[in-house]
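> below are the sequence and a predicted model for it; my questions follow.
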Amino acid sequence: MFWVKGKKKYITGLDIGTTKICAIIGEMDENNELSILGVGSSPSNGLKKGMVVDIESTVNSIINAVEKAEKMANIEAKKVNVGIAGKHVQSLNTVGAVAVSNPLRGVVERDVKRALHKARSVVIPLEREIIHEVIQEFEIDGQKGIQNPIGMSGSTLKVNLHLITGSASITQNIINCVEQAGFKTSTPILESYASSLALLDDSEKDLGVLLVDIGGGSADIAVFSGGCIKHTSGVDYAGDQITKDISEGLKISRFNAENIKKRFGCAMAELVSEDEEFVVERVVDNKAIKVSKSKLSMIIEARIEEIFELVKREVEKIMTRERVIGGVVLTGGTSLLQGIDQLASKTFNLPVRLGKPKDLKGMSSIVLSPIYSTAVGLVLYGCSNFKPHPWEKRSMVNSLVKDFVRTVNNI
């Protein structure tokens, strides 16, 4: 979603995370060049693992974050693109095949609509709703890799569709919070997909890449291959769990645990000298104790290793169909931990890089961090040049991945 003022489009990306809420306001000029105008963030006090647990606190955090971005951008935000994440997000690939009504004349719009309708004809529990529909490819008489089948001759048309679903109640609670904060929004956008717009280039998506967005409440997974998204899921452990492990392991407060994680934390104990120490205060007796960085790193490494193993299992579910041969891209706040890329490379046995937004103008230097990947991606999603096919006239379709946004009632 965007709003227009003069010849320019303005877009707000709103990343509602478990630890922080981040708002970014962008401007797209008549030459389709994007500039970052404002950034604002606020502690997230009303969410847990991507789910709203306190509406009032969440609403206040949203207002605070957007107001900071508005003040920096010197413009009032009217509409926002909001993200959604967490283990409740699930995906499945479906296929719809139909006989072409007139093989000699070729495929027409009606044939495509019939194929899409058949692909959507899967049983989805009432408590879930479709967040995205992504057309992966069309096939005609066994010929794969077709992006636009209109006018092509053949007797059988097949569409491969990737459906991303989420909990209807969790999704609606996020929408309610945004609307109560005073902003218009549409169906939430999958955060790992939004991050991919800010981080991945076409060659990576074509070769095959695993994107792991490690936030506070969850580690969200997106697998790309052959130029489009093939699998999406999530792991219910992330930065907050690491903080909890440190708090319990060292008998210190969660506040202190979070601070020392950011200041001294390392994802691989072998990278830290055993002689290095820091002082922290225990909760029960208020006693200042010395802790080795090596011990801290062992606590962190154990949990991150578990997260990566869980991610690996998720990816292995589809490895028989799609091989991730390009590598791994890590993003999100937890990806800033020293040595996490090396641990990921060891676990996945693949090249690994840290993903952060790039090729932006304006105040881009502020957002060149994995922390802002999702919010920047939500801005990019909102300002994408939509070029719908004839059968998609009523849908917002991202020209990069042909992404439908519908709810169950629309299908």
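Perfect, I can see it now.

> can you give me the neighbour number for Gly13?
Residues lying near Gly13 (other C-beta atoms under 10 Å) number 31. C-beta: built from backbone N, CA, C; applies to glycine.

> wait, isn't Phe183 in contact with Glu70?
No - shown here, Phe183 and Glu70 do not form a contact pair, counting by C-beta atoms under 8 Å, at 10.9 Å.

> what is the burial count for Ile84?
23.

> one more: Ile366?
Neighbour count for Ile366, taken as other C-beta under 10 Å: 14.

> the helix or strand Ile299 falls within: which residues count as buried?
According to DSSP states H and E, Ile299 maps onto helix 293-316. Within helix 293-316, the residues that count as buried by 16 or more other C-beta atoms under 10 Å are 293-301, 303-305, 307-308, 310-311, 314-315.

> hey, where'd the helices end up in the stretch 201-350 of the chain?
202-207, 239-250, 254-264, 293-316, 340-348 (DSSP state H, counting those that start in this stretch).

> elements contacting the third one?
Right, the one you point to is helix 254-264. Here helix 254-264 touches helix 239-250, strand 277-281, helix 293-316, going by 3 or more C-beta pairs under 8 Å, 6 or more residues apart in numbering; DSSP states H and E.

> and the strands in the stretch 101-250 of the chain?
For the stretch 101-250 of the chain, the strands defined by DSSP state E, counting those that start in this stretch cover 128-140, 143-146, 156-167, 189-190, 209-214, 219-225, 228-235.

> out of those, which is closest to Arg114?
strand 156-167 (8.1 Å; C-beta to C-beta).

> any idea how far the residue nearest the centre of the chain lies from Glu314?
Nearest to the mean C-alpha position of the chain, counting by C-alpha atoms, centre = their mean, stands Ser192 at 1.8 Å. Plainly put, Ser192 is 12 Å away from Glu314 if you go by C-beta to C-beta, to the nearest Å.

> what do those two both touch?
Ile221 (C-beta atoms under 8 Å, 6 or more residues apart in numbering).

> would you mind giving the helices of the stretch 201-350 of the chain as JSON lines with distance to Val52 and mean pLDDT added?
JSON lines is the format used below for those (distance: least, C-beta to C-beta, whole Å; pLDDT from 0 to 100):
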{"stretch": "helix 202-207", "distance to Val52": "32", "mean pLDDT": "90"}
{"stretch": "helix 239-250", "distance to Val52": "16", "mean pLDDT": "95"}
{"stretch": "helix 254-264", "distance to Val52": "20", "mean pLDDT": "94"}
{"stretch": "helix 293-316", "distance to Val52": "24", "mean pLDDT": "94"}
{"stretch": "helix 340-348", "distance to Val52": "29", "mean pLDDT": "96"}
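
> where's the closest residue to Glu127 other than its chain neighbours relative to Arg282, distance?
The shortest distance from Glu127 to any non-neighbouring residue, by C-beta to C-beta, 6 or more residues apart in numbering, is to Ala168 (5.7 Å). Using C-beta to C-beta, Ala168 is found at 44 Å from Arg282.

> so what's the closest residue to Glu277 other than its chain neighbours bridging to?
Nearest non-adjacent residue to Glu277, counting by C-beta to C-beta, 6+ apart: Lys290, 4.8 Å away. Note on Lys290: beta-bridge partners by DSSP bridges are Val279.

> so who does Lys290 touch?
Neighbouring residues of Lys290 by C-beta under 8 Å, 6+ apart: 277-279.

> if you set the cut-off to 10 Å instead, what comes out?
277-280 (C-beta atoms under 10 Å, 6 or more residues apart in numbering).

> just the buried ones from those?
For these, a burial check counting by 16+ other C-beta under 10 Å picks out 277, 280.

> return the set of buried residues in stretch 345-355.
Buried-residue list, stretch 345-355, by 16+ other C-beta under 10 Å: 347-348, 350, 352-353, 355.

> how far out from the middle of the chain is it?
Taking C-alpha atoms, centre = their mean, to the nearest Å, one finds the center of stretch 345-355 at 19 Å from the center of the full chain.

> what lies in contact with that stretch?
Applying C-beta under 10 Å, 6+ apart, the external contacts of stretch 345-355 come out as 195-196, 198-200, 204, 208-213, 268, 304-305, 307-309, 311-312, 315, 324-332, 335-336, 340-344, 369-370, 373.

> now with 6 Å, please.
199, 308, 327-331, 335, 341, 344 (C-beta atoms under 6 Å, 6 or more residues apart in numbering).

> stretch 265-272 too?
293-294, 297-298, 300-301, 304, 337-340, 342-343.

> rebuild those as a markdown table, extending it with distance to Leu37.
Shown next, in a markdown table, are the contacts of stretch 265-272 (distance: C-beta to C-beta, whole Å):
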| residue | distance to Leu37 |
| --- | --- |
| Lys293 | 40 |
| Ser294 | 44 |
| Ser297 | 39 |
| Met298 | 43 |
| Ile300 | 36 |
| Glu301 | 40 |
| Ile304 | 35 |
| Leu337 | 30 |
| Gln338 | 32 |
| Gly339 | 35 |
| Ile340 | 31 |
| Gln342 | 36 |
| Leu343 | 37 |
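
> what about Ala194, distance to Gly332?
Applying C-beta to C-beta to Ala194 and Gly332 gives a distance of 12 Å.

> pick out whichever of those two has more residues nearby.
Taking neighbours as other C-beta under 10 Å, Ala194 and Gly332 compare with Ala194 leading, 30 against 27.

> which residue sits farthest out from the middle of this structure?
Leu104 (42.9 Å).

> what backbone torsions are found at that one?
phi -70, psi -40 (degrees, to the nearest 10).

> so where's this protein uncertain?
1-7, 319-323, 384-411 (pLDDT under 70).

> perfect, that will be all.
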